[in-house]
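J.: build me a structure from this.
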Amino acid sequence: MFVKILNKILYIFFSLLIFFTLTKNLSSEEIHLHFPEELLMVEFDKHILPRFKFKTQIEIKAVNFFENSDASIGVKTNGISIFSDLNDIIYKIELITTEEAKLKKFDKFIDWLKSPSGISAIEGFQFNGVPIFKAMLLEKKEKKEFVFEGDSKNGLLISQKHCKRCHVVDDNAFAGIDSSPSFHAMRSFEDWEERFRAFWTVSPHLNVISITEVYDAGSNLSPVVIAPIELTLDEVDDILSYVSKIVPKDLGKPINFW
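T.: Below you'll find the predicted structure:
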């Protein structure tokens, strides 16, 4: 009898332990966004959050308390501009949490608010039949133009002398071999600079190209079987400078290979 009672007590104890653990975990996973009173009064939260959940399956709960919230939306000095009201007063989202998982979800929320469907949701909200908010469009970041110190003219000459055996390097489309992408195609890669800066460190260049005082091509296991190429780091910079001035080829969609 005692053993049965003890087993029942242990069963209840562990059941409660599991329940509270799960409840705590679920609570910690909840995302809370603080809304100011004026947005709650017009029920903007009930308009915007379900649409975001429908689109992404991510649930964000609206709260009217700032303390312990993960982020806050309102008229603020700091934060990310989201929309403005009829008086051009700007509402921003200020992130509070430092939890990476929650920050990623808020990033998706902000990205959605800036997307066409998010903008439509913001500007489609009406109070008494009148739209009262205007979405803030993404600010265009100025693209920084990098200036390469190498000699681009010499870079062209080096490319024509050494690289033309495999790649199209200039306007002569009949050079190179079919299995090697042209310089113009590779210039369209997002990481083209990294690729051209370190091209001699990957196969097949690794077994053909030597860099003066840095690297000797070939080895006992993989000897040089074609005419070797010897370059200096300055000449690599020259090639990089030349490639930076090439007009990227429109490939239609990103591709990824060396």
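J.: can you pull the buried residues of the helix or strand in which S72 is found?
T.: According to DSSP states H and E, S72 maps onto strand 71-74. For strand 71-74, the neighbour count (16 or more other C-beta atoms under 10 Å) marks 71-74 as buried. In short, each C-beta sits where N, CA and C put it, glycine included.
J.: could you do stretch 73-81 as well?
T.: By neighbour count on 16+ other C-beta under 10 Å, the buried set for stretch 73-81 is 73-74, 79-81.
J.: and the residues you listed, which is closest to A173?
T.: Closest approach between the buried residues of stretch 73-81 and A173, by C-beta to C-beta: I80, at 46.6 Å.
J.: now do the same contact list for that closest one.
T.: The contact partners of I80, by C-beta atoms under 8 Å, 6 or more residues apart in numbering, come to 92-94, 110.
J.: turn those residues into TSV, columns for secondary structure, distance to F196 and pLDDT.
T.: Converted to TSV, those look like this (DSSP: H, G, I helix; E, B strand; the rest coil; distance: C-beta to C-beta, whole Å; pLDDT from 0 to 100):
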residue	secondary structure	distance to F196	pLDDT
K92	strand	41	94
I93	strand	39	94
E94	strand	41	94
I110	helix	34	93
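J.: the helices in the stretch 151-258 of the chain, which residues?
T.: Remark: helices assigned in the stretch 151-258 of the chain by DSSP state H, counting those that start in this stretch are 152-158, 183-186, 192-197, 233-244.
J.: which of the ones you listed sits closest to I48?
T.: Using C-beta to C-beta, the nearest of the helices of the stretch 151-258 of the chain to I48 is helix 192-197, at 39.8 Å.
J.: what does that closest one contact?
T.: Contacts for helix 192-197 (C-beta under 8 Å, 6+ apart): 146, 186, 189, 236, 239-240, 243-244, 248, 258.
J.: give me the buried stretch members for that helix, please.
T.: Under 16+ other C-beta under 10 Å, the buried positions of helix 192-197 are 192, 196-197.
J.: go on, stretch 32-51?
T.: Buried-residue list, stretch 32-51, by 16+ other C-beta under 10 Å: 32-36, 39, 44-45, 47-49, 51.
J.: can you put those in JSON lines and add secondary structure?
T.: JSON lines is the format used below for those (DSSP: H, G, I helix; E, B strand; the rest coil):
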{"residue": "H32", "secondary structure": "strand"}
{"residue": "L33", "secondary structure": "strand"}
{"residue": "H34", "secondary structure": "strand"}
{"residue": "F35", "secondary structure": "coil"}
{"residue": "P36", "secondary structure": "coil"}
{"residue": "L39", "secondary structure": "helix"}
{"residue": "F44", "secondary structure": "helix"}
{"residue": "D45", "secondary structure": "helix"}
{"residue": "H47", "secondary structure": "helix"}
{"residue": "I48", "secondary structure": "helix"}
{"residue": "L49", "secondary structure": "helix"}
{"residue": "R51", "secondary structure": "helix"}
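J.: in CSV, list those along with pLDDT.
T.: Shown next, in CSV, are these (pLDDT from 0 to 100):
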residue, pLDDT
H32, 94
L33, 94
H34, 95
F35, 94
P36, 94
L39, 95
F44, 95
D45, 94
H47, 94
I48, 94
L49, 94
R51, 92
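J.: need the contact list for K245.
T.: With contact taken as C-beta under 8 Å, 6+ apart, K245 is in contact with S152.
J.: distance check, it against Q126.
T.: For K245, the distance to Q126 equals 52 Å [C-beta to C-beta, to the nearest Å].
J.: next: L137.
T.: In terms of C-beta to C-beta, L137 sits 21 Å off from Q126.
J.: quick one: low-confidence parts of the stretch 1-150 of the chain?
T.: Along the stretch 1-150 of the chain, the model assigns pLDDT under 70 to residues 1-29, 138-146.
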